[in-house]
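**Q** when you get a sec, could you give me coordinates for this:
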Amino acid sequence: MLSVNPLLMAYLKIGIVFDCSLFDNPRIGFDVPFMARVDIAVEPSDFLDFMSLYLNDEAVGEKLQGMLQVNAITPWHSSVHGPLMPKRQTWREARAKYNAEGFAKDPVGLRELGDR
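**A** Below you'll find the predicted structure:
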């Protein structure tokens, strides 16, 4: 959903840069891995459909137009979330891949999509 829309991906990248404090520590993404959890939801785009789902316990219809919402971007912190194992190996492989492809000057991080 997110990766097909370049504008959404750009905003998501900007949010991750600020939430993961990539400007504050130049080692993050190069020597130190980082990960951001992006909590998303799909909600009805029509307010009346949303209220019908919220107030009644019945289905709205066969087809329902929805919209993607980014609810939160949560950076991984070892003090809160514990060690990044086994994802640290995934990050090392990604870092090596992008170094080999000529992106050694760009930080590499992991993104996890989920819903609360």
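
**Q** which parts of this structure are strands?
**A** 35-44, 66-75, 110-114 (DSSP state E).

**Q** so which of the ones you listed is the most packed in?
**A** Among the strands of the chain, the stretch with the highest mean neighbour count (mean count of other C-beta atoms under 10 Å) is strand 35-44, at a mean of 16. The way it works is simple: take the backbone N, C-alpha and C, and place the C-beta from them, glycine included.

**Q** adjacent strands (with direction) for it?
**A** strand 66-75 (antiparallel), strand 110-114 (parallel) (DSSP bridges).

**Q** dump these to CSV, plus mean pLDDT and distance to Phe47.
**A** Formatted as CSV, those follow (pLDDT from 0 to 100; distance: least, C-beta to C-beta, whole Å):
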stretch, mean pLDDT, distance to Phe47
strand 66-75, 87, 11
strand 110-114, 84, 26
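
**Q** now those in TSV, with distance to Glu101?
**A** Below are those laid out as TSV (distance: least, C-beta to C-beta, whole Å):
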stretch	distance to Glu101
strand 66-75	25
strand 110-114	17
